[in-house]
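Asks: got a sequence here, can you build the structure:
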Amino acid sequence: MVGTLTQPKPLAEQAKSLGIKFFLVSYTDLLGGTRAKLVPAAKIASVEQDGAFFCSFASNLGLGPDAPEIAAIPDPTSLIQLPWEPTVGWVASDVYFEGKPFLAAPRMVLNRVLDQCAELGYTYKAGVEAEFFLLKKTEAGFAVADERDTAEKPCYDQINLMRQFDLISTLVEYMELLGWEPYQCDHEDANGQFELNWTFSDAKTTCDRHVFFKYMVKTLAERRGLTATFMPKPFSHITGSGGHVHNSLWQGETNSFSEGADEGGLSPVGYHFLGGVLKHAKGLTALFAPTVNSYRRLGASITASGSTWSPRYISYGGNNRTHMLRIPEAGRFECRLVDGSANLYLALAGMLTAGVDGIKNRVFPGERIDENLFTRGSEFPGLPMLPTSLYEALNELKHDKLLMKMLGELGAKTFFEFKEKEWNAFCTQVTDWEMEHYINI
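Replies: You can find the predicted model right below:
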């Protein structure tokens, strides 16, 4: 099996040695959707050179029906051989338009920011905690797949975890074959919710793997008659799904966040990076929590388990899960704002852009808060709150010049067109809650 290769051979050569007959040449659009063409291995050499061509208007990248095709040029370092169908290889692609890099494509946005980071002498590494629900379709709608998974506090529940052993163990075995080094998996805080963890890597590799992970989980769940969803908040009464990101900067083999770290766990470089993320938090929210449903998670009242596990304030602490940013141990910090609907290429591009700004301007994050902000947040009147709706988050992003520059003119224009359309469509809906509360007015 092939995971990420550091010095890859041409895809055609790899196909012969691995028995690959087809390639899924894939790219991620601005809404986080995965688009692909299936290319016979006999034709992959020309695609690796010139790209697989997609109708621009259908690409969700902001181009009209009059535009020429985009070209998705596969990145051979991203090659993953499908463990459940080893005759197929999956490759992430960079997007080109009229022979030039298409700067509005999410992977290209991340490429630009990573290049800027490299110019400063750093490598950005990240890991992601991918939470998801396993559901089944019923006559009344979607429900938790395991009807026995009903505990009020189901987090780490052994029996509920092991009832999904077939799927979970298969996912772990496949990740081991791919060289991802999975190390833990558990039943999460909501009924029907699970999390699998694998070892962190450079940011682009983590994004590519996250895209493939979602595809793999959904595919294997479907084969078992289930629906896997990374939706942030599918049920109002139980905890939503995050996509928590762990962050560090490296110079060669040295972790710059741990080199010279204080007792709080970070070096001056680490605190400046963290300070930059806090400084731009309101604008970043639109990239970290990019759907209407995201704010059901962020704005949730206490769930059945007794906690939402999602932040409300722009704050940081030590090993304290009530904050937006947490320092669980020396040399890294976790961002708990990112949710399951995030386009990770854009989310990490935003995280890194903000962090580098913090380093360049030596942004001080303030003193950490060692309190439970779920219960004591109101005792800190100067503590800013995160946006409470997609509309508010989009407005904050519009006013963040640094993040808008990162997205680029076309990327920003297209992102806002998509997201404002989503918000407007949501606002036209009359919900069951409204009918129940206002029908007798």
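Asks: tell me who's in contact with the closest residue to Tyr174 other than its chain neighbours.
Replies: Nearest residue to Tyr174, sequence neighbours excluded (Cβ to Cβ, 6 or more residues apart in numbering): Pro83, at 3.9 Å. C-beta here means a position set from N, CA and C on the backbone, and glycine is covered the same way. Contacts were defined as Cβ atoms under 8 Å, 6 or more residues apart in numbering; by that measure Pro83 touches 1, 173-174, 177-178, 216.
Asks: repeat for Arg326
Replies: With contacts defined as Cβ under 8 Å, 6+ apart, Arg326 is in contact with 316-320, 333-334, 336.
Asks: buried subset of the residues you listed as a PyMOL selection?
Replies: Filtering the contacts of Arg326 down to the buried ones (16 or more other Cβ atoms under 10 Å) takes a single PyMOL command:
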select buried, resi 316+317+318+320+333+334+336
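Asks: Gly252: which of the contacts of Arg326 is nearest?
Replies: Nearest to Gly252 among the contacts of Arg326: Phe333, at 20.7 Å, using Cβ to Cβ.
Asks: who does Thr229 form a beta bridge with?
Replies: Thr229 has these beta-bridge partners by DSSP bridges: Phe133.
Asks: from Ser389, how far off is it?
Replies: Using Cβ to Cβ, to the nearest Å, we find Thr229 at a distance of 21 Å from Ser389.
Asks: of these two, which one has the most company?
Replies: Thr229 (21 against 15; other Cβ atoms under 10 Å).
Asks: report pLDDT for the more buried one.
Replies: On pLDDT, Thr229 comes in at 98.
Asks: that one against Ala130, yeah?
Replies: No. Assessed by Cβ atoms under 8 Å, Thr229 is found out of contact with Ala130, at 11.8 Å.
Asks: spatially central residue in the chain, please.
Replies: The structure's the chain has its C-alpha centroid closest to Leu344; by Cα atoms, centre = their mean the separation is 3.5 Å.
Asks: verify the stated contact: that one with Lys214.
Replies: No. Using Cβ under 8 Å, Leu344 is not in contact with Lys214; the gap is 9.5 Å.
Asks: any idea which helix or strand carries the residue nearest to Tyr174?
Replies: Using DSSP states H and E, Pro83 is not contained in any helix or strand.
Asks: how much space separates it from Gly331?
Replies: Per Cβ to Cβ, Pro83 is found 32 Å from Gly331.
Asks: from Leu337, how far off is the spatially closest residue to Ser389 that is not a sequence neighbour?
Replies: Nearest residue to Ser389, sequence neighbours excluded (Cβ to Cβ, 6+ apart): Tyr295, at 5.1 Å. Distance of Tyr295 to Leu337, computed by Cβ to Cβ: 12 Å.
Asks: the residue nearest to Tyr174 and Lys401, how far apart?
Replies: Distance of Pro83 to Lys401, computed by Cβ to Cβ: 44 Å.
Asks: ditto for Val269
Replies: According to Cβ to Cβ, Val269 stands 24 Å off from Lys401.
Asks: neighbour-wise, which of those two wins?
Replies: Between Val269 and Lys401, Val269 has the larger neighbour count (other Cβ under 10 Å), namely 22 against 9.
Asks: just the pLDDT at the closest residue to that one other than its chain neighbours, thanks.
Replies: Spatial nearest neighbour of Val269, chain neighbours left out: Ser256 (4.8 Å); criterion: Cβ to Cβ, 6+ apart. For Ser256, the pLDDT comes out at 98.
Asks: report the contact partners of Ser256.
Replies: Residues near Ser256 by Cβ under 8 Å, 6+ apart: 122, 248-250, 267, 269-270.
Asks: reformat those as a markdown table; add secondary structure and distance to Glu147.
Replies: Output for these, formatted as a markdown table (DSSP: H, G, I helix; E, B strand; the rest coil; distance: Cβ to Cβ, whole Å):
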| residue | secondary structure | distance to Glu147 |
| --- | --- | --- |
| Tyr122 | coil | 49 |
| Ser248 | strand | 41 |
| Leu249 | strand | 46 |
| Trp250 | strand | 46 |
| Ser267 | coil | 49 |
| Val269 | helix | 50 |
| Gly270 | helix | 46 |
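Asks: as TSV, those with pLDDT and distance to Pro10 would be great.
Replies: Supplementary listing: those in TSV, determined by pLDDT from 0 to 100; distance: Cβ to Cβ, whole Å:
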residue	pLDDT	distance to Pro10
Tyr122	97	30
Ser248	98	33
Leu249	98	32
Trp250	98	29
Ser267	98	41
Val269	97	39
Gly270	98	40
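Asks: by neighbour count, which of those wins?
Replies: Neighbour tally across the contacts of Ser256 (other Cβ under 10 Å): the maximum, 31 neighbours, falls on Gly270.
Asks: got TSV for the contacts of Pro83, with pLDDT too?
Replies: Listed next are these as TSV, based on pLDDT from 0 to 100:
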residue	pLDDT
Met1	46
Glu173	98
Tyr174	98
Leu177	97
Leu178	97
Met216	98
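Asks: which of those fall in strands?
Replies: Nothing among the contacts of Pro83 maps onto strands, per DSSP state E.
Asks: from those residues, which two are the most distant?
Replies: With distances taken as Cβ to Cβ, the most widely separated pair in the contacts of Pro83 is Met1 and Met216, at 12.6 Å.
Asks: so which of the two has more stuff around it?
Replies: Between Met1 and Met216, counted using other Cβ under 10 Å, the more crowded position is Met216 (22 against 13).
Asks: got a list of what the more buried one touches?
Replies: Counted by Cβ under 8 Å, 6+ apart, Met216 has contacts 83, 171, 174.
Asks: 7 Å - rerun?
Replies: 171, 174 (Cβ atoms under 7 Å, 6 or more residues apart in numbering).
Asks: roughly how far apart are it and Leu346?
Replies: Taking Cβ to Cβ, one finds Met216 at 21 Å from Leu346.
Asks: what do you get for Asp149?
Replies: 33 Å.
Asks: could you pull out the helices for the stretch 301-441 of the chain?
Replies: 344-360, 373-376, 390-398, 401-407, 409-427, 432-438 (DSSP state H, counting those that start in this stretch).
Asks: just the pLDDT for Asn197.
Replies: Asn197 is assigned a predicted lDDT (pLDDT) of 97.
Asks: does it touch Glu181 like I think?
Replies: No. Using Cβ atoms under 7 Å as the test, Asn197 is too far from Glu181 to be in contact (9.6 Å).
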